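Chemist: sequence first, then the predicted structure, then my questions.
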Amino acid sequence: MLHTVNKSPFERVSLDSCLRFAKPKDAILLYEDGVYGALAGTRFESTMTEALKKFRIYVMVPDVEARGMKVDRVMAGIQPVDYAGFVGLVEENCPVQAWL
Amino acid sequence: MATIEIDGKTIDVDEEGYLVNLSDWTDKVAEMFAGQDNLKMTDSHLEVIKFLREYYDEYQIAPAVRVLTKAIGKKLGPEKGNSKYLYDLFPYGPAKQACRYAGLPKPTGCV
Amino acid sequence: MSEGVTKKFMYLNRKAPYGTIYALESLEVVLIGAAFEQEVNLVFIDDGVYQLKGNQNTSVNSGIGVKDFSKTYRALEDYDIDKLYVDKDSMTARGLTEGDFIVPVQVMDSAQLAELMQQQDVILSF
């Protein structure tokens, strides 16, 4: 299945809960404020390093760029996607749970 | 806001004719609403209306028709717990019409 | 509406009542959706577990003056919705026990709930 996270991990537990309920091989997409969890050099980096061993993790590039950053700030292993990529993930990974 | 008047008291209703405040309800409100639909209120109507008010008080919702039918059957007997009985009493539909007479808001999911 | 294939619907609730509209909106969708006679699972995770807390008092006279919709969870049985699941970690982290809830629920650990999520056709997130 696909999990989406659109809240900053600094403000909400959405990312934590997502990682708690995701199963190995699930896809996780970080978008909107959720992209802050994908960046290198934050206090969530070690959490995400562990998560990358179990899950496929994606980040929405337009949301990263909107927030003043380029893809080079995203942690290695997290795959950049655009809107078409988002649609593709939904198609291939039903059902979808949105961690609001 | 639209209003109705009963015994000299002015009562607020919404644009579809439902009471704004649940607590404004009296038997006379039900009678007046029924009169607007050219329907003569009987004890049988009142029995359903009171049942709806009790249900709302207990659960804070007006039940869907299917649920109302089942619940009335359980409480008042199978001869009343069927949609024919309820639609004979309230031809515009027990959910919409009876709820309005009972002073409840329009049932959730009713358009 | 009873014809056709039955699908599995999960309503996943993660917000406390009253502070935001999510909890009430979810409940209204559940009640409307009940007409379609699908398999329905209600799951309460994170602050969503607070929705089921008993003894809520929201009266106009002595409270916040909004509808106490926690009473409506007790009507779900009439709508043939009886699968309510609470996440154990979320419950204990908030100092709650099964006895705090207004309706009977099944308490599950995250692995069990994760498995249940995978089996759904549709997950509605609130």
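Modeler: All right, it came through fine.
Chemist: against the centre of the chain, work out the most remote residue.
Modeler: Going with chain A. residue A:68 (17.5 Å; CA atoms, centre = their mean).
Chemist: actually, chain C is the one I wanted.
Modeler: Farthest-from-centroid check, chain C (CA atoms, centre = their mean): residue C:61, 27.3 Å.
Chemist: now stretch A:12-23 - C-alpha only, CSV.
Modeler: Extracted C-alpha coordinates of stretch A:12-23, given in CSV (Å, rounded to 0.1, in the frame of the first residue of the first chain):
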residue,chain,number,x,y,z
ARG,A,12,2.9,16.6,14.1
VAL,A,13,3.2,12.9,14.8
SER,A,14,2.0,12.0,11.2
LEU,A,15,5.4,10.7,10.1
ASP,A,16,6.0,8.8,13.3
SER,A,17,2.6,7.1,13.1
CYS,A,18,3.1,6.4,9.4
LEU,A,19,6.4,4.6,10.1
ARG,A,20,4.8,2.7,13.0
PHE,A,21,2.0,1.3,10.8
ALA,A,22,3.8,0.8,7.4
LYS,A,23,4.8,-2.7,6.5
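Chemist: is that stretch up against chain C anywhere?
Modeler: Yes - for stretch A:12-23, a contact with chain C is found by CB under 8 Å from any CB of the partner chain, at A:13, A:17, A:20, A:21, A:22, A:23. Using the backbone N, CA and C atoms, a C-beta is placed for each residue, glycine as well.
Chemist: now do that stretch: everything it contacts.
Modeler: A:1, A:3, A:5-7, A:9, A:28, A:30, A:34, A:37, A:44, A:47, A:51, A:54-55, A:97, A:99-100, C:14, C:45-46, C:89, C:110, C:113-115, C:117-118 (CB atoms under 8 Å, 6 or more residues apart in numbering or on different chains).
Chemist: what do you get for stretch B:55-68?
Modeler: With contacts defined as CB under 8 Å, 6+ apart, stretch B:55-68 is touched by B:22, B:52, B:71, B:83, B:86, B:93-95, B:99, B:102, B:104-109, C:31, C:34-35, C:67-69, C:71-72, C:74-75, C:78-79.
Chemist: residue contacts, residue 94?
Modeler: Here I'm looking at chain A. A:1, A:2, C:121.
Chemist: think we crossed wires, I meant chain C
Modeler: Applying CB under 8 Å, 6+ apart to residue C:94 gives the contacts C:47, C:49, C:50.
Chemist: closest to chain B out of these?
Modeler: residue C:50 (17.3 Å; CB to the nearest CB).
Chemist: doesn't residue C:17 make contact with that closest one?
Modeler: Yes - assessed by CB atoms under 8 Å, residue C:50 is found in contact with residue C:17 at 6.4 Å.
Chemist: next one: stretch B:98-110 to chain centre, how far?
Modeler: 6 Å (CA atoms, centre = their mean, to the nearest Å).
Chemist: could you give the number of residues near residue A:4?
Modeler: 24 (other CB atoms under 10 Å in any protein chain shown).
Chemist: got the residues of chain C near chain B?
Modeler: Residues of chain C lying near chain B (CB under 8 Å from any CB): C:28, C:31-32, C:34-35, C:67-69, C:71-72, C:74-75, C:78-79.
Chemist: filter the residues you listed to the buried ones?
Modeler: Taking 16 or more other CB atoms under 10 Å in any protein chain shown as the criterion, what is buried in the residues of chain C next to chain B is C:28, C:31, C:34, C:68, C:69, C:71, C:72, C:75, C:78, C:79.
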